[in-house]
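In: From the sequence below, what's the structure:
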Amino acid sequence: MVLFNETLGSGLAEISNSSAAAFALDYGRQLPSLALQGNFFALVLVCIFGWVLMVVLNKLTGVLLQLIRHTFVFIITGFGALFFFLEFRRRLAGGLTTETLVFGALGLAVSVVGLLFAVYAVVMKVREARSPWPKRSYDQANALPVEMPEEPEPPRNLGEFSDIFTNVKDTSLFSALAFMVVGQFGVFSTETFSAPTAMTGFIFLVAFLIAAMVFIRQSYKRYMLGVTHLIVTFVVGVILSIFLGSAWAQLPLTTLLSGAYFTTSSLVALISGMALSIFAGSKT
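Out: Model prediction:
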């Protein structure tokens, strides 16, 4: 706790000189080149910003926008899996260890699952886009209204609450966690830039969480489902980023359990994984 306070205190002094703003502007200018160089976090941001820009500037159909979004998710997931595989192969060449074998098997399994989710989503949207008959809420031939399904009521007990994760109309919690794990492995398998100070990293995390809440409000059909996924992926993501940061990225555990966590690649992995998970689950 003392180390946490000292780290935040020094960061607070630097933030008064607009270090966070300068870091953000500098990183923003380098985003395209970093993405092209294989920086996974930059690739995630470029794809998400690109899709948001399409939504704002273009008047595309909902199906086409969803197809583009799922394509971006597939690209991000594919590169995350590729970066992890290359890093895994590099470590195998350096000598087979139990740690490398265990985490390699875990990473490969989750990468395959994430890719299957991404491919399935793209295929479904392609079929929907190619369908000659748009979805209608009434029988046009007979001009008779068709009964529409009612909106699900909020869960009243734990049994009903579990349904929020398995509704086929929304991304399940399992797929959200799979995308998050792929995103974290992608960051830990490539070079990335971390925040220069703990305060800067903390500010970026808070800013991301606020932006994520806004994104969920605007793009999720079921707001509470999005918030639930955000909370669960955040909790699991923090634990996973510390675990992978120590075991896979070889970061000191004392650093990850202190305020210095906000200056490590584990924070970048946390934000990247959550961003991919939320982006994959949006329904706008």
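
In: All the strands of the stretch 101-250 of the chain, in order from the start?
Out: Taking DSSP state E, counting those that start in this stretch as the criterion, the stretch 101-250 of the chain carries its strands at 138-139, 144-145.

In: Could I get the average pLDDT for the first one?
Out: Read that as strand 138-139. The predicted model assigns strand 138-139 a mean pLDDT of 44.

In: and if you look at stretch 263-270?
Out: Computed over stretch 263-270, the mean pLDDT rounds to 94.

In: likewise stretch 175-185?
Out: If you average the pLDDT values across stretch 175-185, you get 90.

In: What separation is there between residue 247 and residue 98?
Out: 11 Å (CB to CB, to the nearest Å). Heads up, the C-betas are built off the backbone N, CA and C, glycines and all.

In: neighbour-wise, which of those two wins?
Out: Between residue 247 and residue 98, counted using other CB atoms under 10 Å, residue 247 has the larger neighbour count: 14 against 7.

In: can you pull the pLDDT of the more buried one?
Out: Among the per-residue scores, residue 247 shows a pLDDT of 88.

In: what's it in contact with, if anything?
Out: 99, 103 (CB atoms under 8 Å, 6 or more residues apart in numbering).

In: Low-confidence ranges, the stretch 51-200 of the chain, go.
Out: Judged by pLDDT under 70, the stretch 51-200 of the chain has its weakly predicted residues at 58-62, 131-172.

In: try it again with 90
Out: Judged by pLDDT under 90, the stretch 51-200 of the chain has its weakly predicted residues at 51-70, 91-104, 120-177, 189-197, 200.

In: need the helices for it, in chain order.
Out: Using DSSP state H, counting those that start in this stretch, the helices of the stretch 51-200 of the chain run over 62-93, 98-130, 158-161, 173-188, 198-219.

In: ok, now which ones touch residue 88?
Out: When the contact criterion is CB under 8 Å, 6+ apart, the partners of residue 88 are 100, 104, 107-108, 189.
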